[in-house]
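> 3D, please:
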Amino acid sequence: MATPRVHPCCSAPSRSDTKGSAGPECTHSSGAEAEYRAEMVATQMLGLALTRLVFRFPAVASASVEELAATIGPTVERYLKGEVAIPDRCGPRAPYYPNKGSD
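Take a look at the predicted model:
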């Protein structure tokens, strides 16, 4: 039997092991993990779109949909269902202001 993964901030079993329940003192949730996984998938999809449609890298632009799916599919599936290094962030993330302080 596999040992449950433990979330580093509160020693609660990870969301994938407890179907969304977290320890009472920890504010992380399965929503944060799902959001991170979706964002990682977006990096792959945006990168593919840029290299295929905008930059038109020859090998990527000329590849068939089936070839691209076979190449990128396993990575996307791992991001969605497999082991990924979830950042240690409990609670809400600080807002991102890219131009703040650059007057």
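
> CA only for contacts and neighbour counts going forward, please
Fine.

> what are the buried residues along the biggest helix by length in the chain?
Taking DSSP state H as the criterion, the chain has its longest helix at helix 30-49. Buried residues in helix 30-49, counted by 16 or more other Cα atoms under 10 Å: 30, 32-34, 36-37, 40-41, 44, 48.

> give me the mean pLDDT for it.
In this model, helix 30-49 carries a mean pLDDT of 92.

> same for it, what does it pack against?
Counting contacts by 3 or more Cα pairs under 8 Å, 6 or more residues apart in numbering; DSSP states H and E, helix 30-49 packs against helix 15-18, helix 65-81.

> got the buried residues for the helix or strand following that helix?
Sequence-wise, the next helix or strand downstream of helix 30-49 (DSSP states H and E) is helix 58-62. Neighbour-count burial for helix 58-62, counted by 16+ other Cα under 10 Å, picks out 60-61.

> residues contacting helix 58-62, please?
Helix 58-62 has contacts (Cα atoms under 8 Å, 6 or more residues apart in numbering) with 48, 51-53, 68.

> same thing but 6 Å
Identification of contacts with helix 58-62 by Cα atoms under 6 Å, 6 or more residues apart in numbering yields Arg52.

> what is the mean pLDDT for that helix?
Mean per-residue pLDDT for helix 58-62: 97.

> thank you, goodbye.
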